[in-house]
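> make a model of this:
(chains A, B, C, D, E and F)
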There are 6 protein chains.
Amino acid sequence: MEQQQIKKIGIFKCGNIGTSPLLELLIDELADRKDIKVRTVTSGSKMGAEDVEESLPKIFEFNPDLLILTSPNTALPGPAKVRETISSSGKPGVVVTDAPGKRVKAELEKQGLGYIIITGDPLIGARKEFLDPTEMAVFNSNISKVLAITGVYRMVQQEIDKVIYALEAGQSPILPKLVIDLNTIRDNSVFSNPYARAKAMAAYGLAEKVAEINTQACFIEKESEKYIPLVACAHEIAQIAARLAEEAREIEKYNDTLMRKPHAKDGKSKTKTKLMAPPTLDGESS
Amino acid sequence: MEQQQIKKIGIFKCGNIGTSPLLELLIDELADRKDIKVRTVTSGSKMGAEDVEESLPKIFEFNPDLLILTSPNTALPGPAKVRETISSSGKPGVVVTDAPGKRVKAELEKQGLGYIIITGDPLIGARKEFLDPTEMAVFNSNISKVLAITGVYRMVQQEIDKVIYALEAGQSPILPKLVIDLNTIRDNSVFSNPYARAKAMAAYGLAEKVAEINTQACFIEKESEKYIPLVACAHEIAQIAARLAEEAREIEKYNDTLMRKPHAKDGKSKTKTKLMAPPTLDGESS
Amino acid sequence: MEQQQIKKIGIFKCGNIGTSPLLELLIDELADRKDIKVRTVTSGSKMGAEDVEESLPKIFEFNPDLLILTSPNTALPGPAKVRETISSSGKPGVVVTDAPGKRVKAELEKQGLGYIIITGDPLIGARKEFLDPTEMAVFNSNISKVLAITGVYRMVQQEIDKVIYALEAGQSPILPKLVIDLNTIRDNSVFSNPYARAKAMAAYGLAEKVAEINTQACFIEKESEKYIPLVACAHEIAQIAARLAEEAREIEKYNDTLMRKPHAKDGKSKTKTKLMAPPTLDGESS
Amino acid sequence: MEQQQIKKIGIFKCGNIGTSPLLELLIDELADRKDIKVRTVTSGSKMGAEDVEESLPKIFEFNPDLLILTSPNTALPGPAKVRETISSSGKPGVVVTDAPGKRVKAELEKQGLGYIIITGDPLIGARKEFLDPTEMAVFNSNISKVLAITGVYRMVQQEIDKVIYALEAGQSPILPKLVIDLNTIRDNSVFSNPYARAKAMAAYGLAEKVAEINTQACFIEKESEKYIPLVACAHEIAQIAARLAEEAREIEKYNDTLMRKPHAKDGKSKTKTKLMAPPTLDGESS
Amino acid sequence: MEQQQIKKIGIFKCGNIGTSPLLELLIDELADRKDIKVRTVTSGSKMGAEDVEESLPKIFEFNPDLLILTSPNTALPGPAKVRETISSSGKPGVVVTDAPGKRVKAELEKQGLGYIIITGDPLIGARKEFLDPTEMAVFNSNISKVLAITGVYRMVQQEIDKVIYALEAGQSPILPKLVIDLNTIRDNSVFSNPYARAKAMAAYGLAEKVAEINTQACFIEKESEKYIPLVACAHEIAQIAARLAEEAREIEKYNDTLMRKPHAKDGKSKTKTKLMAPPTLDGESS
Amino acid sequence: MEQQQIKKIGIFKCGNIGTSPLLELLIDELADRKDIKVRTVTSGSKMGAEDVEESLPKIFEFNPDLLILTSPNTALPGPAKVRETISSSGKPGVVVTDAPGKRVKAELEKQGLGYIIITGDPLIGARKEFLDPTEMAVFNSNISKVLAITGVYRMVQQEIDKVIYALEAGQSPILPKLVIDLNTIRDNSVFSNPYARAKAMAAYGLAEKVAEINTQACFIEKESEKYIPLVACAHEIAQIAARLAEEAREIEKYNDTLMRKPHAKDGKSKTKTKLMAPPTLDGESS
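Coordinates of the predicted model:
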C-alpha cells in the first residue's frame, strides 16, 4: 500500500461515555493496519466550551481525512462547538454519543454529520458522595463489557470502517445515521444461540435503565438521602448487566460458535467462529 | 482559585495498557476540579517511532506543567523516543507502564523521569486468530476492573496528585519511583476486611499470570495450535480475575466499609466509607 | 377473641399478576391468625366480563368485611366490572394492580376504592411461541421473589392489615392510595445494609424494565422474529432480577440483620432481626 | 366450539402447597383456551373443617364438570371433608397433594378419586421465629421454580388435561393415580441433555430433603435452639434447589433444545423446541 | 518432650470414604507435632478379607499406641476382620466409618472399640458407566469440602486428639461413641453467623441425600437407564453441597470471624478468629 | 487371570501433595481390577529421614512388583532416602512429586527412576496463623479438583498403568519421564470444547501461581503481617482455580461430551463420552 493511500482518522473526545475510552483501539485492535493512522486529542473529563476551544484545533493540525467526535450529550455548548467546527471544516465527520443525542438528530443532519447514538451508553452516577476514581473505573468497566459483547462496539467500528473504505476507494462516503437501541441489538448482533442474543439484549436493556435512573439521580433529586440510593442502584444494575452480557458470550463459547471479526493488515474485515480455525476474509468462501 | 494557579497536565499515550484508557479520567472523575486541566494526545494503538514523531509535539503545544507517558514496554523505540523528548524538555515527567519497564528502571532514573511500573497490567493476547475488537474490549474491561478494585488506579492517581500538589505549592515535585507488584497491593490497598484484601491480591496475582502466559503465546510459540489455547487461557484468567476483584469489593459493600476517595473541587482528596455519609477532607476529623 | 370480632376478608382475583397467587397467604402466613378468615374466588387466568359476572357474586356470598380485587390492567372491562360492583356494595374495597392502573387513579378515587399500584409487577411475555405453563410458572417464581424481597409484598400486607385493624377497632378504615415505584422501594424497604437496599432497588428497576419490554413485545410488534427475542429478553431480565433480589437478602443474612415480621395469633405484627432471637410485638421494647 | 362443549373446572384449595398457587394458570397459561372455564375457591392458608364447610359449597355452585382439590396432608379433617364431599357428589375429582398423601392412597382409591401425590412438594418451615410473609413467599418462589422446571407442573397439567379431553369426548375419564417421586422425574421429564436431567433430579431430591427436615423441625423438635437452625437449613436447601433447577433449564437454553408445550386455543397440546420456531400440534409432523 | 512420651498412631484404611484420604493429615496438619508419630497402611480401594489379612499385620508391626480403622460399611467381612483383630489386640481402637456403621453399634461397643459414624459421608456412584478415576476424584473433592467445612473433620480430629491426650497423660482413654448426623452439625459446628451454620447444615443434609440416592442406584436398580441418571444426580448434589459449604465458609470470611484451630507443636489445640491475629492456646485468655 | 499374574503395586507416601491422597484409588477406582493389588504405607504428614527409615521397610515387605513414591520436594533428606532405597532395590520405581522435583531430574535419571513432576501441584500455605486441619482439607479439596479435571490425575494413572501393562506382559517397563506443566495440559487433556480446555489450562496456571506465592510466603517473608496475606491470597487462588476447573467440566457436560475412561476388570482402559452410553474397550470400534 502506498503512503498516499493511508487515511488518517482524527478522533476528538470531550467528556466521557462508555464508547469513548477504547474507540481508537476498536478500529486497529492489533496495531497492524497498514491503511490507516489514528490520532486522538481529548480535553479530559471536562467538556466546557473553553476546553474545546483550546484542544480542538490540535486534531485538525494532524490533517485528518475523517473526524470523529465522541462525547456525552452532544447538545451541550462544548460538543456543540466541536460539531460546528467539524461541520464547517468540510471534512467528513461522525458524532458518537449517548441517548440525549436523539434530541439533536435534525441538527446533526443539517450539519451534514454522521451520527451513532447509543441509548444503552448511560450517564454515570456522578454524585460526589458516590463517585470516586475507583467507582468511575468500575462503572466504565461494566458498561464497556456490555457494549462490547452486545455488539455495539462492533457496529460503531463497522460504521467507521465503511467510511474509511469509501475514502480509500476515492468515493464520497455515506455517513452513518444510526440510533442503536434494543431493537438494533436484536436485529444486528451476531449470536448463533437465540438465548445468548436474548441475554445480550437484556444486558443492553439494563444499560438503558441505568441511564434512566442516573438521570433522575443526577438532575432531579436534590437530597443525598434520595440520590445516593439511586446512583448506587444504577451502578448495581450496571454490574449485573456486565455479568449478563458475559453470560451471553459464554454461551457462544460453550458451543464454540463465538464469532470473531479481526481486521486484516490491509484493513479489511475477516471472520471466524471455531476457536482453533483461522479467520477468512469476508466474502471469501471459507 | 486564580487562573495562573491552574496546572495543565499533558498526557501522551502510545499503544495501550490497561491503565491507559481511563488515565485522564482518574484525576478528575467528576469533571469539576478547578485546579487542573488535562489534555491528552494519542497515536492510537500504534506506537512506532514515526507515530510518536508525528503526534508527540502536539502535547507540548498545550504547554503542560506536567507530562505523563503511558505505553506498553517503554523500552521500545516509540516510547523510548517519548521518554527522551520529555526528559530533555526539562519539564517534570512520569512514565506509567507495564512489567517490561522494570528492565529500564536505571535508564528512567538517569532521565530524571518518575515512573510507575505495574506488573499486573498484562500484555493482551494479540494473535489474529483470537483478538478482534470485541475480544480486545472485553479484555480491557476485565483488566480495568482488576486494576481499579485492587487499588492500582488509586495509587497511580495519588502519585500524580502528589506531583500536582507540589507544583501548586510552587515546590519542585518529588517524582514517583514505584513498582506496583503483589506486595504493593498487600501493603497499600485500603480494604477493611482481610479476606477482601486477600481476594484483591489474588486478582492481581492472576493478572501477573496473564502477562506471563501471553508473553509466551505472543513471542515464543510459533504454531497456532500452540498459541491459540494459550491466549484463550490467558483471557479466561483475566475474566476470572475480574470476578475475584469484584468479589473483594462486594465484601466491603456487604460490610458497608467500602472506602471512597473523591476529589474535592479544589483538587484535594476527600474520604468516606459509609455509603450514606458525606465525604470529608483528608486530614479533617470526620 | 370472640367470634363476632373475626373479620372476613374476601379476595377476588381475575387474571394474574405477580402479587396475585400468594395474596391470601401473605396476611395469614402461619394459618393461625384468630382475628381473620380469608376466602378467595377466582376466574382463573381469564378476566373477561362474562367470567367476572359468573364468579364475582360468590365472593359476596361469603359476606366479607373487606373486599380485595387483584388483577392486571384494572381498566379492562372485567376488572372494571368488579370495581363497580365493589364500589356500589358499600363495603370497603382495595384494588391491587399493576402499572396500567396509574391511568385510572382518578376513577378509583371517585369509586371510593383503595388502591395499591405496583409498577414493578410486570406483564408476562404472553406469546404462544414462548409461553407455556412451565415458562409461565418460572416467570411467576422470579417476579414473586423480587416482589417479596424488595418489600412489596410486605407493603401490600401491611396496608391490608391497617384496614383490618381499623375494622377490628370499629373504625372507618382509611383505604390505601399507594403507587409502589422505585422511590417507594428506596424509602420503605427495611434493609439495614445500604448496598442491600441498592440491589433490591435494582431488582425492582429491572422488573419495571420487564414491563416496558413485554408491553412492546405483546402489543406493538407483529412478527415473531421481532417479538420472540423481546419476550425472551424480558424473561431473562426477570430471572436476573430474582438473583439480584436474592443477593440483597443474602447480604442481610450475612450480617444477621434480616428483619422478619410475622403475625401474632391475634393478628398484630411482631418483629425480629437476629435469627436465633424470638420476635417481639411491634411497639414493645425488646 | 359450541358453548355446551365448554367444560368447567372447579378448583378448591385449602391450605397451601407449592403446586397450589399457580394451579389454575397451568391449564390456561395464555387465558385463551376456548374449551374450558376455570373457577377457584379457597379458604386461604387455613384448612380447618369449619373453613372447608363454609367455603366448599361455593365451588359446587359453579356446577363444575371436574373437581380438583389441592391441599397439604390430605388426611387432615379439612381436606378429608373435601374428599368425601367430592366423592359423594358423583363428579370426577382429582386430589393434588404432598407426600403424606401416600398414607391415604387406599382411601383415595376407595373414594373413586384420582390423585397426584408429589413427594417433592415440601412442608414449609412453619415456625414463628422464622416464617413471616416474606420468608413464606421466598420459599414458595423457590419450590415453584423446582416444580416447574423438573416437569412436575407439566405432569399435573397433562393429567388434568387428559381428564378434560375425555370429558370433551364424552368419555368417562380415567383419573390419574400418580405418585411423583425422584424416579418419576427421571422417567418423565423432557430434557434433551442428560446432565440437565440429572441436575433437575438433584433439585427434586433436594426438595424431598426439605420435606424431611421441616417435618422434624415442625413436629418433633420443641426448643427454638433446635428447630430454628433446622427450618433455616431447610429453606437454604430450597434456595439452592431452585438454583440447581434453573441451571438444568439453562443447559437446554444453551443448546436451544428447551421444549415448550403451550396450549392451543382449542385446548390441545402443541410442542416446540427451537426458540425461534413456531409450535406445532402434538401428533403432527413438524 | 522426651522420646518415650511420643505416641504412635497407627491408621489402617481399607476401601475409601470421604474421611479416609486426609485422616492422618488432620491430626498433624503442619507436620510439626512433637508428641505424635503417625503411620498408615492401606489395602487400596479393595477391602476384601484377603486384602486385610495381608496388609493389616504391618500396622501392628509399628507397635502403635492407638489404632484407627477407616472404611466404608464396617460390617463387611474385611473391615469386620480388622475390628476383631484390633479388639483382641488389647490396644485402644477407634473405627471411623459411614452410615451403615449404625447397624453394628452394639457390636462395636461389645468389642470395646470407639467409633465415629458419619451419616453424611456418602457412598460414591460406583457404576462403571459413570465412575472413572476423574469422576471419583471430583466426587471425593466435593465430599471432602463438605466434611471439612461443616466441622466433621474437626470433630474426628478432636476425638482422636482426646484419646491421644489421655494416653499422654498416662490415663486410660475414654473412646468416642459418636454418630455425626445433621443434629450434630447443628450443635457442634463453630460458625458465628447463624445463616452460615444453616448453610453448612444444608450441605451436610445434601450429603446424606447423596448416600440415599447412590444406595438405590448401586444396590437396587439393575438397568443402566435407571441407575446412570441416579448416580449422575447424586454427584450433582455432591457438587452443589460443596458450593453450599463453601458459601458458609465465605460468610465467616466476610465477617472476619472464621475460627481456626491449629495444633501447637506440643499437640495442644490453639484457636484464633481474626485473620491477622495470632492463635492462642485453648484455655488461655487471649 | 491366574494368581501369579496379579501385580502388586507398593506406594510409599511421605508428606503430602495434592496428588498423594487419592493416588492408590486412581488406579483401581471401582475396586474391582483383577490384575493388581495395591498396598500403601505412609509416614503421615511428616517426611523426616527417621520417619522414612521406620516406615519405608514395610512397603518392601509386601514384595511389590512396582514401587511408587509420592512426596513434596523430593530433594529433601527423607524422600531422597526413599529414592536411594528404591533405586538400589532393583525394582522399578516411579517418583510422583511437585515442582522442586525439576531440580533433581538428572539425579532421578541416574537412579533409574521414572518420574512425574507436576508444576501445578502447589505448596500449601503452611503458616500456623493460617493453616489448621480444616483449611488444610479445604485447600486439598480445591487442588484435587484442579488436578482431576485438568487431566493430571489421568496422566499419572495412565503412566502407572503403562508400567503395569508392561510388567503383565513380561516386558521391561519404560518408566515415565514426565514434567506436567501448562503446555502438557494444553497438549494432553481431552476436552472436546476448546474453551473448556482454555479454562482448564487457566485453572492449572492458577495452581502454578499458588505455588509461587506460597513459596514466597513460607520461605521468604518473616513477619506475619507480610506472610498471612500471601497465604490467604494463595488459597483464594486455589479456590477460584477449582471453580474454573469445574466450569471447564461443566462445558463438557452441557454438550454431553464428557469423556470418561474407567478401568475394565482386567485392568484395561475403556472409554465413553455420551452419558447414557456404555464404555467400550480402547482400541475397539464402538
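
> from here on, contacts and neighbour counts on C-alpha atoms
OK.

> shaky segments in the stretch 151-286 of chain A?
A:284-286 (pLDDT under 70).

> just the helices in chain A please.
Under the criterion DSSP state H, helices of chain A are mapped to A:23-26, A:49-61, A:77-89, A:105-110, A:133-149, A:152-168, A:182-188, A:194-219, A:224-254.

> residue C:273: which of the ones you listed is closest?
Shortest distance between residue C:273 and the helices of chain A, using C-alpha to C-alpha, is found for helix A:224-254: 22.4 Å.

> what about the helices of chain A, which gets the closest to residue F:67?
Nearest of the helices of chain A to residue F:67, taken as C-alpha to C-alpha: helix A:224-254 at 41.7 Å.

> once you drop chain neighbours, what's closest to the residue in the stretch 51-200 of chain A positioned nearest to chain C?
Residue of the stretch 51-200 of chain A nearest chain C, by C-alpha to the nearest C-alpha: residue A:198 (4.3 Å). Closest residue to residue A:198 apart from its sequence neighbours, by C-alpha to C-alpha, 6 or more residues apart in numbering or on different chains: residue C:233 at 4.3 Å.

> wait, the one you found sits on residue A:196?
No: under the criterion of C-alpha atoms under 8 Å, residue C:233 makes no contact with residue A:196, lying 9.4 Å away.

> in terms of neighbours, single out the busier of those two.
Comparing residue C:233 with residue A:196 by other C-alpha atoms under 10 Å in any protein chain shown, the one with more neighbours is residue C:233, at 31 against 26.

> against residue B:33, how distant is residue A:233?
26 Å (C-alpha to C-alpha, to the nearest Å).

> OK, contacts around residue A:202?
A:241, A:244, C:233-234, C:236-237 (C-alpha atoms under 8 Å, 6 or more residues apart in numbering or on different chains).

> same check, this time on residue A:31
Residue A:31 makes contact with A:25, B:15, B:45-46, according to C-alpha under 8 Å, 6+ apart.

> what's the closest of these to chain F?
Checking the contacts of residue A:31 against chain F with C-alpha to the nearest C-alpha, the nearest one is residue A:25 at 25.1 Å.

> what's the local residue count around the closest residue to that closest one other than its chain neighbours?
Once flanking residues are discounted, residue A:25 sits nearest to residue B:45: 5.5 Å by C-alpha to C-alpha, 6+ apart. By other C-alpha under 10 Å, 27 other residues sit near residue B:45.

> excluding sequence neighbours, find me the nearest residue to the residue sitting furthest away from the middle of chain A.
Seen from the C-alpha centroid of chain A, the residue lying at the greatest distance (C-alpha atoms, centre = their mean) is residue A:225, 33.1 Å away. Excluding the flanking residues, the one nearest residue A:225 by C-alpha to C-alpha, 6+ apart is residue B:276, at 7.0 Å.

> repeat for residue A:99
For residue A:99, ignoring the flanking residues on the chain, the nearest one in space by C-alpha to C-alpha, 6+ apart is residue A:119 at 4.4 Å.

> who touches the one you found in this structure?
Residue A:119 is in contact with A:98-99, A:179-181, A:208, counting by C-alpha under 8 Å, 6+ apart.

> most widely separated two among the residues you listed?
Within these, two members stand farthest from each other by C-alpha to C-alpha: A:179 and A:208, at 13.1 Å.

> more neighbours: those two, which one.
Neighbour count, other C-alpha under 10 Å: between residue A:179 and residue A:208, residue A:208 has more, with 23 against 20.

> and the closest residue in space to the more buried one that isn't next to it in sequence, how far is that from residue C:214?
Excluding the flanking residues, the one nearest residue A:208 by C-alpha to C-alpha, 6+ apart is residue A:120, at 4.5 Å. Distance check for residue A:120 against residue C:214: by C-alpha to C-alpha, it reads 18 Å.

> tell me the one among the contacts of residue A:31 nearest to chain D.
Using C-alpha to the nearest C-alpha, these come closest to chain D at residue A:25, 31.3 Å.

> just checking, the closest one touches residue B:44?
Yes: with contact defined as C-alpha under 8 Å, residue A:25 counts as touching residue B:44 (6.3 Å).

> compare the two (neighbour count), which wins?
Shown here are residue A:25 and residue B:44; by other C-alpha under 10 Å, residue B:44 has more neighbours (28 against 21).

> near chain D, which residues of chain A?
A:193-196, A:251, A:254-255 (C-alpha under 8 Å from any C-alpha of the partner chain).

> one more time with 6 Å
Residues of chain A lying close to chain D (C-alpha under 6 Å from any C-alpha of the partner chain) are residue A:251.

> show me what from chain A comes close to chain C.
Contact residues (C-alpha under 6 Å from any C-alpha) of chain A with chain C: A:198-199, A:201-202, A:229, A:232-233, A:237.

> distance check, whichever residue of the stretch 51-200 of chain A sits closest to chain D against chain E.
Here the residue of the stretch 51-200 of chain A nearest chain D is residue A:195; by C-alpha to the nearest C-alpha that distance is 6.2 Å. As judged by C-alpha to the nearest C-alpha, to the nearest Å, residue A:195 and chain E stand 24 Å apart.

> got it, and residue A:228?
Distance of residue A:228 to chain E, given as C-alpha to the nearest C-alpha: 24 Å.

> number of residues surrounding that residue?
Number of residues near residue A:228 (other C-alpha under 10 Å) recorded here: 26.

> residues in the stretch 151-286 of chain A within reach of chain B, list them.
Residues of the stretch 151-286 of chain A lying near chain B by C-alpha under 6 Å from any C-alpha: A:260-262, A:278.
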